[in-house]
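[1] I would like the atomic coordinates for the input below:
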Amino acid sequence: MEAEFDDYDKHNKWQHIYQKIRYQSSDDNLTNKESRKSENKPYNRYKDVTPYDWSRIILRRSDNNYINASLIKVDSAQRQYILTQGPLAITSGHFWLMIWEQNSKAILMLNRLVEKGQIKCHQYWPNGRDDNDCDELTFTDVGLKVVFIDETKSPNYITRKFKLIDIESNEWREVLHYHYTSWPDFGLPESPASFLEYLYAIRESGVLDMKEYGPPVIHCSAGIGRSGTLCLVDSCLIMIERFGRLDAVNVMDVLLDMRKYRMGLIQTAEQLRFSYLAIIEGSKQLSLTTTPNDTTVPFSANNNYKSKAISPKIHRSFAINEDMDNSADEYAFEDSYTPEVNTMCATLPPLPPRSRRSFSTTSQQSDSTSPEPDSKRTKCDSLSSVPTLQLQHDMISSEDSANHYELTNNSNNNSLNNEKSDYTSQTPDSEHKRDVRRRLREDRHRKTAETVEGIKKKLRESEDRPDFTQFRYNSAKC
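    Residues are numbered from 1 along each chain as shown. Coordinates of the predicted model:
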C-alpha cells in the first residue's frame, strides 16, 4: 500500500483515482425511491444525498418509517456502521429512536453545529446545566427522553455520556457521544495522529463490539464525506490487523463495496489521500505493538505536513421546510470549487501543481473538480486581460476564465507560501525542484505576456482594416 501511495503521489493520480471511483460507483443502478416520496422529502437535509432503498434503516415504532440513514456492512472486517445525516430539528426524535431500536451504544459526530457561518446539524442533545443549558430533552413524538450525565474534553474531541430513557416502559440505556471537533467540512483532520487517537479511543471503549451492542451511529453533515473516511480507515485497519499484512487490503475495492450501501462515501480526492495516509500510519502503530524492537516512529514530526483544505461545492440543494436549519448549506455538484489553505492545519504535503495532474474523462466531468490543462488556462488568462476581443472561437466562457484565473493565482500563492515556510528545512534535491518550479513560472509568465502582446497587435491591425460585413450582407440579400 505504501508503494501504491507513493506512486499516486509521484504521478499526481489522486484526482484521477477519485474520479475513477465515482465513475465505477455510478454503474451500480441502485434505487432510492423511498427518499423521493413527497412525505419524506422534508426529512432530507440534502436532496442529492439520500439512502438506497435496500440498505436504508427502517424505523419500527413510528408513523413514518423513513430516516435518512444507511447500514454499512464490511464483512471482511466484521464491522457494521450506521451512517446518517446531521439531524434536523424535525428528525432529532427519529434519530434517537433509531439509536434505541438498533441498540447502538455510541454516536460518532464528526462535524460542528455551525461551520463557516452555516448550520450543519441541529443540536439534538442536552448540554447540561453547567453550560446554562437543560440537562434533559424529551421527544414526545417517539416517546424517548435524553438525560445529560457528564462530559470529558480532550484536545480534539469531546466525550459525552447520556441516559436514553423509554418513557412508556421506563427502561434506560447509556449512550456515549464522541464529538470530533477538529475536522473542517470538505477538509482534513488536524493530523493523522489526532485522528487515530480519536479512533483508538472509541475502539478501546468497546462500543464497536458487535457481540454486545448494535452498530455505532456515525454522522457529519451529509453522512458521506467525513463519515465515509472514518469507516474506510477503521475497517481497513481491522483487516490489516487480522491478516497481519499491509498489502492484504485493497482500499479502492473496500471503498467501492461500501459505496453500494450509501452513495458518495468520501467526497474529495484529498479525503481519499488522507484515508490512505491514516491507514499506513495506523498500520505502523500496529506493528509497534507486535514488534517491540521496531524503532519506527509512527507519528513523527515529519508527518505534520501543511495541507491544502480544498473545498469543492458538493451538495446540489438542501431540503425545504427545515425551519431553523433552512440556511444556505452546500452548493451544486456542477459548481466550480475554490481552493482554500488552512494555515492552522498541519497534516499532509500539498498535492502536486495542478498543471501536472492527470485527468479523468468520465461522464462526470461536469463536476468541474478536474481543472483544464495549462494551455487552455494560459489562453484564458490572456484573453481575460483584453475584454474587448471578439474572437469567439478562441475563447471559453467568462465564468470559466474567472474560475481558472483564481485557481492559478491561489495555486501559485500557496506554492510560494509553502516554499517560504519550509525554506529552512530544504534539502539540495528539494532546492533544485524549487528552482525548476520558479523557472517554469517565469517561462509561463513570459509566454502569457507574448500572447497578450500578439492579441493586442491583432486588434490594432483589425482596427485599420475596412469592414466588409455590410457588403457581404447586401450581396447575400440580393
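
[2] Assumed residue 17 was part of a helix.
    Yes. The assignment for residue 17, made by DSSP: H, G, I helix; E, B strand; the rest coil, places it in a helix.

[3] how about it, what does it touch?
    The contact partners of residue 17, by Cβ atoms under 8 Å, 6 or more residues apart in numbering, come to 8, 252, 269, 272. The C-beta positions use only the backbone N, C-alpha and C, and glycine is treated the same way.

[4] how close does the last one sit to residue 128?
    Read that as residue 272. Counting by Cβ to Cβ, to the nearest Å, the separation of residue 272 from residue 128 is 38 Å.

[5] who's more crowded, the two?
    For residue 272 and residue 128, the more surrounded residue by other Cβ atoms under 10 Å is residue 272, and the numbers stand at 23 against 18.

[6] which SS class is the more buried one?
    helix.

[7] Repeat that for the one 10 residues further on.
    Secondary structure state of residue 282, per three-state DSSP, is helix.

[8] May I have the helix or strand hosting residue 146 exported as PDB, CA atoms only?
    Assigned by DSSP states H and E, residue 146 belongs to strand 144-153. This file holds the C-alpha atoms of strand 144-153, laid out as PDB (Å, rounded to 0.1, in the frame of the first residue of the first chain):
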ATOM      1  CA  LEU A 144     -38.000   9.000  24.400                       C
ATOM      2  CA  LYS A 145     -36.100  11.200  26.900                       C
ATOM      3  CA  VAL A 146     -32.400  12.000  26.800                       C
ATOM      4  CA  VAL A 147     -30.700  13.000  30.100                       C
ATOM      5  CA  PHE A 148     -27.200  14.500  30.200                       C
ATOM      6  CA  ILE A 149     -24.800  12.800  32.700                       C
ATOM      7  CA  ASP A 150     -21.300  14.200  32.100                       C
ATOM      8  CA  GLU A 151     -18.600  15.100  29.500                       C
ATOM      9  CA  THR A 152     -14.900  14.900  29.200                       C
ATOM     10  CA  LYS A 153     -12.900  17.300  26.900                       C
END
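
[9] Now do the buried residues in whatever helix or strand comes next after that strand.
    Reading on from strand 144-153 to the C-terminus, the next helix or strand found by DSSP H and E is strand 157-166. Under the neighbour-count criterion of 16 or more other Cβ atoms under 10 Å, strand 157-166 has 157, 159, 160, 162, 164, 165, 166 buried.

[10] At which residues are the helices of this structure located?
    If you assign secondary structure with DSSP state H, the helices in the chain sit at 2-10, 14-25, 92-102, 192-205, 225-243, 251-258, 269-290, 374-384, 398-421, 428-464, 469-477.

[11] mean pLDDT for the ones you listed: which is lowest?
    Set side by side, the helices of the chain show their lowest mean pLDDT on helix 374-384, which sits at a mean of 39.

[12] Residue 225 and residue 270 touch, don't they?
    No. Residue 225 sits out of contact with residue 270 when judged by Cβ atoms under 8 Å, with a separation of 10.3 Å.

[13] Show me the common contact partners of those two, please.
    Counting by Cβ under 8 Å, 6+ apart, no residue touches both residue 225 and residue 270.

[14] how about the nearest residue to residue 199 once chain neighbours are set aside, what does it touch?
    Using Cβ to Cβ, 6 or more residues apart in numbering and skipping the chain neighbours, the partner closest in space to residue 199 is residue 234 (6.0 Å). Residues in contact with residue 234, defined by Cβ under 8 Å, 6+ apart, are 77, 79, 199, 203, 208.

[15] if we can go back for a sec, next, the buried residues of the strand holding residue 146.
    The neighbour-count criterion (16+ other Cβ under 10 Å) identifies 144, 145, 146, 147, 148, 151 as the buried residues of strand 144-153.

[16] circling back to that earlier point, which among the contacts of residue 17 count as buried?
    Buried members of those, counted by 16+ other Cβ under 10 Å: 8, 269, 272.

[17] and of those residues, the nearest to residue 246?
    Set against residue 246, the nearest of the buried ones among the contacts of residue 17 by Cβ to Cβ is residue 8 (15.4 Å).

[18] Could you measure from the closest one over to residue 118?
    Using Cβ to Cβ, we find residue 8 at a distance of 32 Å from residue 118.

[19] from the contacts of residue 17, which single one is nearest residue 23?
    Of all these, the one sitting nearest residue 23 is residue 252; the distance, using Cβ to Cβ, is 12.2 Å.

[20] ok, now which ones touch that closest one?
    With contacts defined as Cβ under 8 Å, 6+ apart, the neighbours of residue 252 are 17, 21.

[21] before we move on, what about residue 57?
    Neighbour list for residue 57: 51, 67, 69, 70, 71, 82, 84, 98, 102 [criterion: Cβ under 8 Å, 6+ apart].

[22] Buried members of those residues into ChimeraX, please.
    Of these, the buried ones go into a single ChimeraX selection, burial set by 16+ other Cβ under 10 Å:
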select :51,67,69,70,71,82,84,98,102
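
[23] just the contacts of residue 57 now: which is nearest residue 32?
    Within the set of those, residue 51 lies nearest residue 32; the separation is 6.4 Å, counting by Cβ to Cβ.

[24] which residues does the closest one contact?
    Applying Cβ under 8 Å, 6+ apart, the residues contacting residue 51 are 32, 34, 35, 57, 68, 69, 70, 262.

[25] How is this structure partitioned into domains?
    Structurally, the chain divides into domains by automatic domain parsing as follows: 2-325, 372-464.

[26] ok, and which of those domains has the densest surroundings?
    By mean neighbour count, with neighbours taken as mean count of other Cβ atoms under 10 Å, domain 2-325 ranks first of those at a mean of 18.

[27] so what's residue 241 closest to, chain neighbours aside?
    If the residues on either side of it in the chain are set aside, residue 241 comes closest to residue 286, at 5.6 Å by Cβ to Cβ, 6+ apart.

[28] Please read the previous query as pertaining to residue 260.
    residue 28 (5.6 Å).

[29] circling back: need the contact partners of the strand holding residue 146.
    Strand 144-153 is contacted from outside by 93, 96-97, 100, 125-128, 135-139, 158-167, 174-175, using Cβ under 8 Å, 6+ apart.

[30] Distance check, residue 224 against residue 138.
    Here the criterion is Cβ to Cβ. By it, residue 224 lies 31 Å from residue 138.

[31] just residue 115 next, same as before
    If you go by Cβ to Cβ, the gap between residue 115 and residue 138 works out to 28 Å.

[32] Ramachandran angles for the residue nearest to residue 190 when sequence neighbours are not counted?
    Nearest-residue entry for residue 190: residue 182, 4.6 Å, with adjacent residues in sequence omitted and distances by Cβ to Cβ, 6+ apart. Its backbone dihedrals place residue 182 at phi -120, psi 30, with angles given as degrees, to the nearest 10.

[33] who's the residue lying closest to residue 102 once chain neighbours are set aside bridged to?
    Closest residue to residue 102 apart from its sequence neighbours, by Cβ to Cβ, 6+ apart: residue 214 at 4.2 Å. Taking DSSP bridges, one finds residue 104 as the beta-bridge partners of residue 214.

[34] In contact with residue 142: list those residues for me.
    The neighbourhood of residue 142, defined by Cβ under 8 Å, 6+ apart, consists of 61, 62, 93, 94, 96, 97.

[35] Hmm, the second one is touching residue 94, no?
    It refers to residue 62. Yes. Checked against Cβ under 8 Å, the pair residue 62 and residue 94 is within contact range at 6.5 Å.
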